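Peer 1: Pasting the sequence and the predicted model now:
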Amino acid sequence: MWDNYTHHLDAAMRELIEARQWLTVFRFPTCAPDLNPAEGVWAHLKDSLGNLAPCSIDELAALTRTRLKRMQYRPDVLDGFIAETGLIPASP
């Protein structure tokens with residue numbers, strides 16, 4: 001699911017998408033973060049990092065990777081980000 005960010009629309013990205021018949025891309029209107037579940041992921045990540053004081057960029061990167069990995073194993077949390085959009089996923 002993408003908005004109309006420039007990098008999502010360039011020729012290289014179109015070629016990558018077209019080469020993968022299994023991939024379905026849903027484009028969202030510009031400035032519609034309430035429709036994009038990824039915004040919930042980033043908000044959750046920022047909240048989890050908010051009270052930490054990493055000593056270096058490397059430490060911040062490691063904390064970020066760890067927290068994203070934790071979310072990967074929490075389908076209930078990820079489902080919540082989709083539910084917050086009000087969009088109904090299509091059945092396979």
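Peer 2: Looks like it came in fine. Numbering: from 1, shown residues only.

Peer 1: Mind listing residues that contact the longest helix seen in the chain?
Peer 2: Identified as the longest helix of the chain according to DSSP state H is helix 57-72. For helix 57-72, the surrounding residues in contact (C-beta atoms under 8 Å, 6 or more residues apart in numbering) are V41, H44, L45, S48, L49, L52, P54, V77, L78. C-betas here are computed from N, CA, C, even on glycine.

Peer 1: need those residues in JSON lines with secondary structure, can you?
Peer 2: As requested, the contacts of helix 57-72 are exported to JSON lines (DSSP: H, G, I helix; E, B strand; the rest coil):
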{"residue": "V41", "secondary structure": "helix"}
{"residue": "H44", "secondary structure": "helix"}
{"residue": "L45", "secondary structure": "helix"}
{"residue": "S48", "secondary structure": "helix"}
{"residue": "L49", "secondary structure": "helix"}
{"residue": "L52", "secondary structure": "coil"}
{"residue": "P54", "secondary structure": "coil"}
{"residue": "V77", "secondary structure": "helix"}
{"residue": "L78", "secondary structure": "helix"}
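
Peer 1: what are the ranges of the helices in the chain?
Peer 2: Under DSSP H, the chain gives helices at 6-9, 11-18, 37-49, 57-72, 75-85.

Peer 1: Nice, that's everything, thank you.
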